[in-house]
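Undergrad: For reference, the sequence and a predicted model appear below.
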Amino acid sequence: MNEPTQLASFREAFYRRERRSVPLARQFVREALLDWACEVDLEEVLLCVSELATNALVHGVPPGRGFRVRLTWGDLLRIEVDDSGGGEVREERGSAPYAEYGRGLLLVGALADAWGVGERDPGKTVWCEFAGSASELVESAPRAHHLP
């Protein structure tokens, strides 16, 4: 017997080039994941959203423009951040230990199951994906031992 195919859930939001857009993007993602009852590590996902949105805001959005956050939840969670600017996306390996910038995509790479960059005209899409469920995370976590 075939399992029914889970239809993907989809949401997107547009943010202007202003500082308050990053926390607004995090809130948008948090609400979507809670509405969908997504079983992913919410704190790790929100940290990646912060990094991708901040990178778009600081490096990818020309004055007078904004960025778009797109979410898809089906077999996995995919987060895409579109910007309309030029420039390359790169992981900053070997950043100075106390540098203010340069570790965002290293964090995304460490926390997400996959990430990458796609072309747009104009701009680019930086994305990351998360798989797994809360039950798998709980089962793999070390168990505390309690004394009787």
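TA: Perfect, thanks for sending it. Numbering: from 1, shown residues only.
Undergrad: where's stretch 14-27 relative to the chain centroid, distance-wise?
TA: Here stretch 14-27 shows a centroid-to-chain-centroid distance of 13 Å under the convention CA atoms, centre = their mean, to the nearest Å.
Undergrad: C-alpha coordinates for it, CSV please?
TA: Output in CSV follows, covering the C-alpha atoms of stretch 14-27 (Å, rounded to 0.1, in the frame of the first residue of the first chain):
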residue,chain,number,x,y,z
PHE,A,14,9.1,40.6,1.8
TYR,A,15,11.2,42.9,4.0
ARG,A,16,12.6,46.3,3.4
ARG,A,17,16.2,47.3,3.8
GLU,A,18,16.1,48.3,7.5
ARG,A,19,17.4,46.9,10.7
ARG,A,20,14.1,45.7,12.1
SER,A,21,13.7,43.4,9.1
VAL,A,22,15.9,40.7,10.7
PRO,A,23,13.9,40.2,13.9
LEU,A,24,10.7,40.4,11.8
ALA,A,25,12.0,37.6,9.5
ARG,A,26,12.7,35.5,12.5
GLN,A,27,9.2,36.1,13.9
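Undergrad: Now tell me what touches that stretch from outside.
TA: Residues from elsewhere that reach stretch 14-27 (CB atoms under 8 Å, 6 or more residues apart in numbering): 13, 46, 49-50, 53-54, 57, 61-69. Just so you know, the C-beta spots here come from the backbone N, C-alpha and C atoms, and that holds for glycine as well.
Undergrad: 7 Å instead?
TA: Contacting residues not belonging to stretch 14-27 are listed as 46, 49-50, 53-54, 57, 61, 63, 65-69 [CB atoms under 7 Å, 6 or more residues apart in numbering].
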